[in-house]
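**Q** this one's structure only:
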């Protein structure tokens, strides 16, 4: 029996999660040509097409999406296999700095698993002064939100985010369904610090005239998403912070239009601290769990 190449499977998974060959190549430290070649060989072995042309790029075929979803789950299982048998050196204090939004809507929902795997670890989770702040000397690892530029420190992309509108189904029941982005003019809009993300999305969605000078501006993602779940308006979310609420039906996606976020979540640390077994163990666990929990739910309906 000839198994598919692990490189090809990882390339397919990265393409499915990140949305482009370029982003997949960056994550895997490969060239775009190498990723495309791996996918072509995988298609040849499988006997069906995984990708198709879409504008200047490529997208997964319907059959490719189904296969990629299976591969995603298998790779997540591979990453977590054998974690309970890790070296007994995985012990001691571990200080993690994490943005409030990531902590509230993702980390706090999964961190118990890491503690069960490594009961000898004394885990401390703190909040940074700003979402991209990585200056605390006593911190072992930062989960920072930014563009990947942290001079003097090692950084690795944790997940490339896609932005899209989300709202409570209760809001739609009250104000009516959304058939086209232009109809957002009749809905209260919620902002995270400013209207930049909304303006970028509305421009791509063909509704640049929707007024973004009115609405409620929140100082952080936690407050904006909480208000959104409470049916106070529509906000721009992403697959990581909104994934759990989408899966539970607390939020829905009214449109099938998404855009790459300006910033994403990165793992950032001083190079010397990466040698600690407890830091390596947490990074391995975190990457596996993020991979396993960020499959994006379907939208409530396509643009008509």
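**A** That came through fine. These numbers come from a predicted model, not from an experiment.
**Q** Tell me where the chain has strands.
**A** Counting by DSSP state E, the chain has strands at residues 51-54, 57-60, 92-98, 121-126, 141-146, 154-159, 162-166, 190-192, 216-218, 235-238, 259-260, 264-269.
**Q** and the ones you listed as a markdown table, adding mean pLDDT, mean neighbour count and distance to residue 113?
**A** Glycine gets a C-beta too; all of them are placed from N, C-alpha and C. Output for those, formatted as a markdown table (pLDDT from 0 to 100; neighbours: other CB atoms under 10 Å; distance: least, CB to CB, whole Å):
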| stretch | mean pLDDT | mean neighbour count | distance to residue 113 |
| --- | --- | --- | --- |
| strand 51-54 | 86 | 12 | 33 |
| strand 57-60 | 86 | 16 | 29 |
| strand 92-98 | 94 | 18 | 14 |
| strand 121-126 | 95 | 14 | 12 |
| strand 141-146 | 94 | 24 | 16 |
| strand 154-159 | 90 | 17 | 17 |
| strand 162-166 | 95 | 23 | 25 |
| strand 190-192 | 94 | 22 | 28 |
| strand 216-218 | 95 | 15 | 30 |
| strand 235-238 | 95 | 27 | 22 |
| strand 259-260 | 92 | 16 | 29 |
| strand 264-269 | 94 | 22 | 18 |
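**Q** In a markdown table: those strands, plus distance to residue 207.
**A** Formatted as a markdown table, those follow (distance: least, CB to CB, whole Å):
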| stretch | distance to residue 207 |
| --- | --- |
| strand 51-54 | 22 |
| strand 57-60 | 23 |
| strand 92-98 | 34 |
| strand 121-126 | 39 |
| strand 141-146 | 27 |
| strand 154-159 | 27 |
| strand 162-166 | 11 |
| strand 190-192 | 16 |
| strand 216-218 | 19 |
| strand 235-238 | 13 |
| strand 259-260 | 13 |
| strand 264-269 | 25 |
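**Q** between those strands, which one is nearest to residue 182?
**A** Nearest of the strands of the chain to residue 182, taken as CB to CB: strand 162-166 at 12.7 Å.
**Q** what's the angle from that closest one to strand 264-269?
**A** Strand 162-166 and strand 264-269 are oriented at 130 degrees to each other (axes from the mean of the first three to the mean of the last three CA atoms, to 10 degrees).
**Q** Give me the distance between strand 162-166 and the centre of its chain.
**A** Relative to its chain's centre, strand 162-166 lies at 11 Å (CA atoms, centre = their mean, to the nearest Å).
**Q** In space, what's closest to residue 18 - neighbours in sequence excluded?
**A** Using CB to CB, 6 or more residues apart in numbering and skipping residues adjacent in sequence, the residue nearest residue 18 is residue 160, 4.7 Å away.
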